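Student: Return a 3D structure for these sequence lines:
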Amino acid sequence: MIGVVGGSGIYELLTGGTTTKVSTPYGDPSAPVSTGRIGGAEVVFIARHGAHHEHPAHRVNYRANLWALREMGVDRVIAPCAVGSLQDSIAPGEFVLLDQFIDMTGGRPSTFFDGPTLAHVSTADPYCSQLRSHLIEAAEEDGARLHETGTVVVINGPRFSTRAESRWFSSIGGDVVNMTQAPEAALARELGLCYAGLAMVTDRDAGEAAAASDETAAGPVRMEAVFERLAAMAATTRRLIDLAVPRIAAAPTACGCAGMAPDPALPMGNA
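Tutor: Numbers count the residues shown, from 1 in each chain. Now for the predicted structure:
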(Lines give C-alpha, C1' and ligand atoms only; values in the text may rest on other atoms or scores of the structure.)
Protein backbone atom coordinates (compact mmCIF):
# COMPACT_ATOMS: atom_id res chain seq x y z
CA MET A 1 0.00 0.00 0.00
CA ILE A 2 1.24 3.48 -0.88
CA GLY A 3 1.05 6.46 1.45
CA VAL A 4 1.09 10.16 0.57
CA VAL A 5 1.92 12.79 3.19
CA GLY A 6 0.45 16.05 1.92
CA GLY A 7 2.57 19.09 2.63
CA SER A 8 1.75 22.79 2.50
CA GLY A 9 -0.83 23.38 -0.19
CA ILE A 10 -1.78 19.68 -0.46
CA TYR A 11 -4.47 19.10 2.15
CA GLU A 12 -6.57 16.55 0.25
CA LEU A 13 -5.86 14.14 -2.56
CA LEU A 14 -8.41 11.33 -2.91
CA THR A 15 -11.81 12.01 -4.43
CA GLY A 16 -14.52 9.95 -2.79
CA GLY A 17 -12.09 8.36 -0.34
CA THR A 18 -12.94 6.85 3.04
CA THR A 19 -11.80 8.76 6.14
CA THR A 20 -10.54 6.88 9.19
CA LYS A 21 -9.45 8.18 12.58
CA VAL A 22 -6.34 6.28 13.67
CA SER A 23 -5.01 6.24 17.23
CA THR A 24 -1.31 5.73 17.90
CA PRO A 25 0.90 5.25 20.96
CA TYR A 26 2.30 8.70 20.17
CA GLY A 27 -0.98 10.58 20.21
CA ASP A 28 -3.23 11.70 17.39
CA PRO A 29 -1.85 12.25 13.89
CA SER A 30 -2.19 15.67 12.28
CA ALA A 31 -5.49 14.72 10.61
CA PRO A 32 -7.67 11.67 9.99
CA VAL A 33 -6.27 9.46 7.24
CA SER A 34 -8.18 8.90 4.02
CA THR A 35 -8.01 5.88 1.76
CA GLY A 36 -8.88 5.54 -1.90
CA ARG A 37 -7.45 4.49 -5.24
CA ILE A 38 -5.20 6.08 -7.83
CA GLY A 39 -4.87 4.18 -11.07
CA GLY A 40 -6.19 1.04 -9.40
CA ALA A 41 -3.64 1.19 -6.56
CA GLU A 42 -4.72 1.58 -2.96
CA VAL A 43 -3.49 4.85 -1.44
CA VAL A 44 -3.54 6.25 2.10
CA PHE A 45 -3.34 10.04 2.50
CA ILE A 46 -2.63 12.24 5.51
CA ALA A 47 -2.21 16.02 5.65
CA ARG A 48 1.05 16.76 7.45
CA HIS A 49 -0.07 20.14 8.78
CA GLY A 50 -3.71 19.20 9.32
CA ALA A 51 -6.73 19.74 7.12
CA HIS A 52 -6.55 23.52 7.59
CA HIS A 53 -2.79 23.97 8.06
CA GLU A 54 -3.26 24.33 11.80
CA HIS A 55 -0.03 22.55 12.83
CA PRO A 56 3.20 24.53 12.26
CA ALA A 57 6.25 22.52 11.28
CA HIS A 58 7.80 22.48 14.76
CA ARG A 59 4.54 21.19 16.29
CA VAL A 60 3.66 18.46 13.77
CA ASN A 61 3.32 15.04 15.42
CA TYR A 62 5.63 13.31 12.96
CA ARG A 63 5.78 10.07 14.95
CA ALA A 64 2.00 9.73 15.06
CA ASN A 65 1.69 10.50 11.33
CA LEU A 66 4.20 7.86 10.24
CA TRP A 67 2.91 5.32 12.76
CA ALA A 68 -0.66 5.82 11.50
CA LEU A 69 0.44 5.16 7.92
CA ARG A 70 2.16 1.95 8.94
CA GLU A 71 -0.91 0.88 10.93
CA MET A 72 -2.94 1.30 7.73
CA GLY A 73 -0.59 -1.08 5.91
CA VAL A 74 1.56 1.48 4.09
CA ASP A 75 5.08 0.44 3.14
CA ARG A 76 5.99 3.15 0.60
CA VAL A 77 5.52 6.90 1.10
CA ILE A 78 5.56 9.89 -1.25
CA ALA A 79 5.97 13.12 0.69
CA PRO A 80 5.48 16.44 -1.14
CA CYS A 81 6.95 19.42 0.71
CA ALA A 82 7.61 23.11 0.13
CA VAL A 83 11.22 24.30 -0.09
CA GLY A 84 13.19 27.44 -0.78
CA SER A 85 16.09 27.38 -3.22
CA LEU A 86 19.65 27.93 -2.01
CA GLN A 87 21.27 27.62 -5.46
CA ASP A 88 21.05 29.70 -8.63
CA SER A 89 20.47 26.55 -10.68
CA ILE A 90 17.23 25.69 -8.83
CA ALA A 91 14.36 28.06 -9.63
CA PRO A 92 10.93 28.60 -8.10
CA GLY A 93 8.32 26.51 -9.89
CA GLU A 94 10.67 23.54 -10.26
CA PHE A 95 10.73 20.24 -8.34
CA VAL A 96 13.60 18.55 -6.51
CA LEU A 97 13.76 14.87 -5.60
CA LEU A 98 15.60 14.90 -2.30
CA ASP A 99 18.34 12.37 -1.65
CA GLN A 100 20.04 13.86 1.45
CA PHE A 101 19.13 16.06 4.40
CA ILE A 102 21.04 18.19 6.90
CA ASP A 103 19.12 18.41 10.16
CA MET A 104 19.35 21.83 11.83
CA THR A 105 16.23 21.35 13.96
CA GLY A 106 16.06 20.96 17.71
CA GLY A 107 13.51 20.06 20.36
CA ARG A 108 11.45 17.76 18.14
CA PRO A 109 10.76 14.13 19.12
CA SER A 110 12.90 12.54 16.43
CA THR A 111 13.00 8.80 17.10
CA PHE A 112 10.83 5.87 18.05
CA PHE A 113 13.77 4.42 20.00
CA ASP A 114 14.10 6.77 22.97
CA GLY A 115 14.40 4.06 25.62
CA PRO A 116 14.41 1.68 27.32
CA THR A 117 14.99 -0.30 24.10
CA LEU A 118 17.66 1.27 21.89
CA ALA A 119 18.36 0.97 18.20
CA HIS A 120 20.73 2.91 15.96
CA VAL A 121 19.41 3.12 12.40
CA SER A 122 21.53 4.08 9.41
CA THR A 123 20.36 7.18 7.56
CA ALA A 124 23.38 7.38 5.26
CA ASP A 125 20.93 7.28 2.36
CA PRO A 126 17.64 8.39 3.92
CA TYR A 127 15.54 8.51 0.73
CA CYS A 128 14.43 5.54 -1.35
CA SER A 129 16.24 5.35 -4.69
CA GLN A 130 13.53 3.15 -6.21
CA LEU A 131 10.74 5.59 -5.41
CA ARG A 132 12.88 8.39 -6.82
CA SER A 133 13.28 6.51 -10.09
CA HIS A 134 9.51 6.15 -10.46
CA LEU A 135 9.00 9.85 -9.77
CA ILE A 136 11.70 10.73 -12.32
CA GLU A 137 9.81 8.69 -14.93
CA ALA A 138 6.58 10.45 -13.95
CA ALA A 139 8.20 13.87 -14.35
CA GLU A 140 9.59 12.93 -17.75
CA GLU A 141 6.12 11.85 -18.90
CA ASP A 142 4.51 15.00 -17.53
CA GLY A 143 7.21 17.39 -18.70
CA ALA A 144 7.69 18.84 -15.22
CA ARG A 145 10.95 20.61 -14.44
CA LEU A 146 12.64 18.24 -12.00
CA HIS A 147 16.08 18.03 -10.37
CA GLU A 148 16.78 14.35 -9.79
CA THR A 149 18.79 14.84 -6.57
CA GLY A 150 19.14 17.50 -3.91
CA THR A 151 20.22 18.10 -0.33
CA VAL A 152 17.69 19.79 1.94
CA VAL A 153 18.67 21.79 5.01
CA VAL A 154 15.89 21.43 7.59
CA ILE A 155 15.26 24.30 10.00
CA ASN A 156 12.87 24.58 12.93
CA GLY A 157 10.75 27.46 11.68
CA PRO A 158 8.29 29.02 11.80
CA ARG A 159 10.55 31.95 10.89
CA PHE A 160 12.42 31.99 7.60
CA SER A 161 16.22 32.20 7.36
CA THR A 162 18.36 35.26 7.89
CA ARG A 163 20.56 36.23 4.94
CA ALA A 164 23.61 34.97 6.81
CA GLU A 165 21.96 31.62 7.49
CA SER A 166 20.89 31.29 3.87
CA ARG A 167 24.47 31.91 2.68
CA TRP A 168 25.78 29.42 5.22
CA PHE A 169 23.27 26.71 4.27
CA SER A 170 24.32 27.09 0.65
CA SER A 171 28.03 26.94 1.53
CA ILE A 172 27.70 23.68 3.49
CA GLY A 173 26.10 21.86 0.57
CA GLY A 174 22.42 22.69 0.86
CA ASP A 175 20.44 22.90 -2.35
CA VAL A 176 17.11 23.79 -0.75
CA VAL A 177 15.76 24.66 2.71
CA ASN A 178 12.64 23.28 4.39
CA MET A 179 11.01 22.87 7.83
CA THR A 180 9.57 19.33 7.82
CA GLN A 181 11.89 16.72 6.28
CA ALA A 182 13.52 16.09 9.66
CA PRO A 183 12.56 14.04 11.51
CA GLU A 184 9.98 12.73 9.02
CA ALA A 185 12.40 11.00 6.65
CA ALA A 186 14.39 9.42 9.49
CA LEU A 187 11.25 8.19 11.25
CA ALA A 188 10.15 6.50 8.04
CA ARG A 189 13.50 4.71 7.93
CA GLU A 190 13.09 3.55 11.53
CA LEU A 191 9.75 1.98 10.57
CA GLY A 192 11.21 0.34 7.47
CA LEU A 193 9.14 2.48 5.09
CA CYS A 194 10.39 3.51 1.66
CA TYR A 195 10.24 7.31 1.58
CA ALA A 196 10.54 9.89 -1.20
CA GLY A 197 10.68 13.64 -0.61
CA LEU A 198 9.13 15.48 -3.56
CA ALA A 199 10.15 19.09 -3.00
CA MET A 200 8.20 21.96 -4.57
CA VAL A 201 10.46 25.02 -4.95
CA THR A 202 8.43 28.07 -3.95
CA ASP A 203 11.03 30.81 -3.39
CA ARG A 204 14.69 31.88 -3.12
CA ASP A 205 14.80 31.80 0.70
CA ALA A 206 16.52 35.04 1.81
CA GLY A 207 17.33 35.89 -1.80
CA GLU A 208 21.06 35.30 -1.57
CA ALA A 209 21.07 32.62 -4.30
CA ALA A 210 18.86 34.51 -6.75
CA ALA A 211 20.29 35.21 -10.17
CA ALA A 212 20.33 38.89 -11.09
CA SER A 213 17.96 38.27 -13.98
CA ASP A 214 15.50 36.31 -11.87
CA GLU A 215 12.25 38.11 -11.11
CA THR A 216 12.20 36.51 -7.64
CA ALA A 217 15.41 38.34 -6.68
CA ALA A 218 13.48 41.43 -5.61
CA GLY A 219 13.37 40.43 -1.98
CA PRO A 220 13.38 37.63 0.60
CA VAL A 221 10.66 35.03 0.88
CA ARG A 222 7.19 36.05 2.07
CA MET A 223 4.57 33.62 3.33
CA GLU A 224 1.93 34.97 0.95
CA ALA A 225 4.21 34.39 -2.03
CA VAL A 226 4.94 30.84 -0.90
CA PHE A 227 1.27 29.92 -0.81
CA GLU A 228 0.67 31.57 -4.16
CA ARG A 229 3.43 29.45 -5.69
CA LEU A 230 2.16 26.30 -4.00
CA ALA A 231 -1.30 26.88 -5.42
CA ALA A 232 0.22 27.25 -8.89
CA MET A 233 2.21 24.01 -8.48
CA ALA A 234 -0.51 21.91 -6.84
CA ALA A 235 -1.98 20.56 -10.10
CA THR A 236 1.43 19.43 -11.36
CA THR A 237 2.19 17.81 -8.00
CA ARG A 238 -1.04 15.83 -8.18
CA ARG A 239 -0.28 14.75 -11.75
CA LEU A 240 3.15 13.50 -10.72
CA ILE A 241 1.60 11.48 -7.91
CA ASP A 242 -1.08 10.12 -10.25
CA LEU A 243 1.59 9.04 -12.74
CA ALA A 244 3.99 7.63 -10.13
CA VAL A 245 1.56 5.61 -7.99
CA PRO A 246 0.67 2.95 -10.61
CA ARG A 247 4.38 2.55 -11.42
CA ILE A 248 5.22 2.08 -7.75
CA ALA A 249 2.35 -0.36 -7.18
CA ALA A 250 3.36 -2.49 -10.16
CA ALA A 251 7.03 -2.76 -9.21
CA PRO A 252 8.33 -5.23 -6.63
CA THR A 253 10.15 -3.59 -3.74
CA ALA A 254 13.85 -4.11 -4.37
CA CYS A 255 15.48 -1.11 -2.69
CA GLY A 256 16.52 -2.51 0.69
CA CYS A 257 14.89 0.26 2.76
CA ALA A 258 12.95 -2.21 4.91
CA GLY A 259 16.15 -4.10 5.63
CA MET A 260 17.74 -0.98 7.11
CA ALA A 261 15.15 -0.86 9.89
CA PRO A 262 15.52 -2.72 13.20
CA ASP A 263 14.03 -6.16 13.66
CA PRO A 264 10.22 -5.77 13.43
CA ALA A 265 9.91 -7.77 16.63
CA LEU A 266 11.99 -5.22 18.53
CA PRO A 267 9.72 -3.17 20.81
CA MET A 268 9.68 0.57 20.25
CA GLY A 269 10.72 3.06 22.88
CA ASN A 270 8.37 4.74 25.32
CA ALA A 271 5.57 6.68 23.67
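Student: drop to CA atoms for contacts and neighbour counts, all remaining ones
Tutor: Will do.
Student: Is Ala138 located within a helix, as I assumed?
Tutor: Yes - according to DSSP: H, G, I helix; E, B strand; the rest coil, Ala138 belongs to a helix.
Student: Let me see the contact set for it.
Tutor: By C-alpha atoms under 8 Å, 6 or more residues apart in numbering, the contact set of Ala138 is Leu240, Ile241, Leu243, Ala244.
Student: Make TSV from the residues you listed and add pLDDT, distance to Ala91 and neighbour count to it.
Tutor: Converted to TSV, the contacts of Ala138 look like this (pLDDT from 0 to 100; distance: C-alpha to C-alpha, whole Å; neighbours: other C-alpha atoms under 10 Å):
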residue	pLDDT	distance to Ala91	neighbour count
Leu240	97	18	23
Ile241	96	21	23
Leu243	97	23	20
Ala244	97	23	24
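Student: Looking at the residues you listed, which is nearest Pro92?
Tutor: Nearest to Pro92 among those, counting by C-alpha to C-alpha, is Leu240 at 17.2 Å.
Student: The closest one: which element?
Tutor: Per DSSP states H and E, Leu240 falls inside helix 223-250.
Student: Which other helices and strands does that helix contact?
Tutor: When contacts are defined as 3 or more C-alpha pairs under 8 Å, 6 or more residues apart in numbering; DSSP states H and E, helix 223-250 packs onto strand 33-38, strand 41-47, strand 76-85, helix 129-142, strand 194-203.
Student: wait, which of these is closest to Leu14?
Tutor: strand 33-38 (5.9 Å).
Student: Who are the contact partners of the residue nearest to Ser122 when sequence neighbours are not counted?
Tutor: Spatial nearest neighbour of Ser122, excluding adjacent residues (C-alpha to C-alpha, 6 or more residues apart in numbering): Met260 at 6.7 Å. Residues near Met260 by C-alpha under 8 Å, 6+ apart: Val121, Ser122, Arg189, Glu190, Gly192.
Student: residue contacts, the residue positioned nearest the centre of the chain?
Tutor: The centre of the chain sits closest to Ala79, judged by C-alpha atoms, centre = their mean, with a distance of 3.6 Å. For Ala79, the contact set (C-alpha under 8 Å, 6+ apart) comprises Val4, Val5, Gly6, Gly7, Tyr195, Ala196, Gly197, Leu198.
Student: isn't the last one right next to Ile78, touching?
Tutor: Yes - with contact defined as C-alpha atoms under 8 Å, Leu198 reaches Ile78; the gap is 7.0 Å.
Student: Determine the three-state secondary structure at Tyr166.
Tutor: Tyr isn't right for residue 166; it's Ser. Looking at Ser166 with three-state DSSP, the answer is helix.
Student: Let me know the pLDDT of it.
Tutor: Listed pLDDT for Ser166 reads 96.
Student: ok, it to Asp28 distance?
Tutor: Counting by C-alpha to C-alpha, to the nearest Å, the separation of Ser166 from Asp28 is 34 Å.
Student: List the buried residues in the helix holding Leu240.
Tutor: For helix 223-250, the neighbour count (16 or more other C-alpha atoms under 10 Å) marks 226, 229-230, 233-234, 236-237, 240-249 as buried.
Student: Quick one: distance of the next helix-or-strand element following it to the chain centre.
Tutor: Going down the chain from helix 223-250, the next helix or strand is helix 257-260, by DSSP H and E. On the basis of C-alpha atoms, centre = their mean, to the nearest Å, helix 257-260 is displaced by 19 Å from the centre of the chain it belongs to.
Student: List the buried residues for helix 257-260?
Tutor: Buried, per 16+ other C-alpha under 10 Å, within helix 257-260: Cys257, Ala258, Met260.
Student: which one of the residues you listed sits closest to Glu148?
Tutor: Cys257 (19.0 Å).
Student: surely that closest one meets Ala196?
Tutor: No - taking contacts as C-alpha under 8 Å, Cys257 lies outside contact range of Ala196: 11.3 Å.
Student: For the residue nearest to the centre of the chain, give its distance to Asp263.
Tutor: Relative to Asp263, Ala79 is positioned 25 Å away (C-alpha to C-alpha).
Student: Ala188 and Ile78, how far apart?
Tutor: For Ala188 relative to Ile78 (C-alpha to C-alpha), the value is 11 Å.
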